[in-house]
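[1] when you get a sec, could you give me coordinates for this:
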Amino acid sequence: MVESTGPEARMKEWVRAIVPSPALRWWRQRFGWRWFEGDFATWAQARAATQGYDDAAVLARAVAAARSVRAGEAAWERDGTAFAEPAVHPPLLAALRAIGVEQGGRLDVVDFGGALGSTWWQHRAVLADLAVHWCVVEQPHFVALGLEEFTGGGLSFARTLAEAGAGRPPAVIVFSGVLAYLENPQALLAEAAASGVRHIIIDRTPFWNGGRDWLAVQRTPPELGGGSYPAWIFDRVGLQAPLARDYDIVQEWPGFDDLDARVNYRGLVFSRKGLAR
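    Predicted coordinates for the structure are as follows:
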């Protein structure tokens, strides 16, 4: 079913989520849903405090939403919710277009954790003037369905960064809304940097000012599927450390997620040092 209203579909109408008022943030912190709880020393401890989520249900929602977009019944989808009206994420789109121009009209993207191509479906029409190859790296059950149903038109699927870059090195690796849910995100960023990729985009990523990484349990409201799972809220210096030697931050924007007044979501573009800009 295509939705145009509701908590996930609107995300505070995008604009309010990007720049929430101080009063709204205070109200949410005091009375709203508590997305993040606890402060854990290890991933294993945090995972032991979670209920997990229904993998089959998550996949079913993602497949249904992606099919509706492919069939033209919806404009785009995210996290299993289909949206009736077209929309783009302007700062991410601008960064991708700039990379495409730099590459002479070709845009080779590896999208780590990109479900069944959510970001590609959302932006494919406005990137149509570029020769786009968009490879999603995902869990095996997503990859299997992606290869079976959604490959084509520039979209492909792979199980690892190495597999995604084999034979067609990307110009950019995108990590959108995924690093917080990995046990060792810094190791993944180090792997991305070691590949020599020219650009790395980290988007929809939570930070705080606690001077260290905060490992919490994230609890999702029942109307958004429920479940709970470990989640990092990052110290910026620590998260950027694997990239600091070889990359510069060339662009930054506020994220549209606004789950907790203690947490600040950001998007960052890292470009390899020495690139002409």
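[2] name the residues of the lengthiest helix in the chain that are buried.
    Looking across the chain with DSSP state H, the single longest helix is helix 55-70. Buried residues in helix 55-70, counted by 16 or more other C-beta atoms under 10 Å: Val58, Leu59, Arg61, Ala62, Val63, Ala65, Ala66, Arg67, Ser68, Val69, Arg70. To be clear about C-beta, it is placed using only N, CA and C from the backbone, and glycine gets the same treatment.
[3] could you dump the residues you listed into a markdown table and include pLDDT and distance to Phe175?
    Converted to a markdown table, the buried residues of helix 55-70 look like this (pLDDT from 0 to 100; distance: C-beta to C-beta, whole Å):
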| residue | pLDDT | distance to Phe175 |
| --- | --- | --- |
| Val58 | 79 | 19 |
| Leu59 | 84 | 21 |
| Arg61 | 86 | 22 |
| Ala62 | 89 | 18 |
| Val63 | 93 | 23 |
| Ala65 | 92 | 21 |
| Ala66 | 93 | 20 |
| Arg67 | 94 | 26 |
| Ser68 | 95 | 26 |
| Val69 | 93 | 22 |
| Arg70 | 92 | 24 |
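[4] now for Arg168, how many residues are close by?
    Per other C-beta atoms under 10 Å, the neighbour tally for Arg168 reads 11.
[5] over to Phe112?
    Neighbour number of Phe112 under other C-beta under 10 Å is 22.
[6] try Gly196
    By other C-beta under 10 Å, neighbour count at Gly196 equals 10.
[7] which element is it on?
    For Gly196, there is no helix or strand it lies in under DSSP states H and E.
[8] list the contacts for it?
    Pro169, Arg272 (C-beta atoms under 8 Å, 6 or more residues apart in numbering).
[9] ditto for Arg124
    Per C-beta under 8 Å, 6+ apart, neighbours of Arg124: Val132, Trp134, Gly153, Gly154.
[10] wait, isn't Arg97 in contact with Ala128?
    No - assessed by C-beta atoms under 8 Å, Arg97 is found out of contact with Ala128, at 11.5 Å.
[11] for Phe83, name its beta-bridge partners.
    Glu3, Trp76 (DSSP bridges).
[12] isn't it up against Ala75?
    Yes - applying C-beta under 8 Å, one finds Phe83 in contact with Ala75, separated by 5.5 Å.
[13] list just the nearest of the contacts of Arg124 to Ser118.
    The shortest approach to Ser118 among the contacts of Arg124 belongs to Trp134, at 10.8 Å (C-beta to C-beta).
[14] and the closest one, how many neighbours?
    Applying other C-beta under 10 Å, I find that Trp134 has 25 neighbouring residues.
[15] quick check: closest non-adjacent residue to it.
    Trp120 (4.3 Å; C-beta to C-beta, 6 or more residues apart in numbering).
[16] elements contacting the helix or strand where the one you found lies?
    If you go by DSSP H and E, Trp120 is part of helix 118-123. Helices and strands touching helix 118-123, by 3 or more C-beta pairs under 8 Å, 6 or more residues apart in numbering; DSSP states H and E, are helix 55-70, strand 76-78, helix 90-102, strand 106-112, strand 131-137.
[17] redo the ones you listed as JSON lines? Include distance to Ala192.
    Listed next are the helices and strands packed on helix 118-123 as JSON lines, based on distance: least, C-beta to C-beta, whole Å:
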{"stretch": "helix 55-70", "distance to Ala192": "24"}
{"stretch": "strand 76-78", "distance to Ala192": "23"}
{"stretch": "helix 90-102", "distance to Ala192": "15"}
{"stretch": "strand 106-112", "distance to Ala192": "8"}
{"stretch": "strand 131-137", "distance to Ala192": "11"}
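[18] ranges for the helices of the chain?
    7-10, 15-18, 22-31, 43-48, 55-70, 90-102, 118-123, 140-145, 161-165, 185-194, 236-244.
[19] tell me the one of the contacts of Arg124 nearest Ser228?
    Trp134 (30.8 Å).
[20] bridged to the closest one, which residues?
    Val109, Leu155.
[21] does it touch Gly117 like I think?
    Yes - look at Trp134 against Gly117 with C-beta under 8 Å: they come within range, at 6.8 Å.
[22] shared neighbours of those two, anything?
    With C-beta under 8 Å, 6+ apart, Trp134 and Gly117 have common neighbours Asp111, Leu155.
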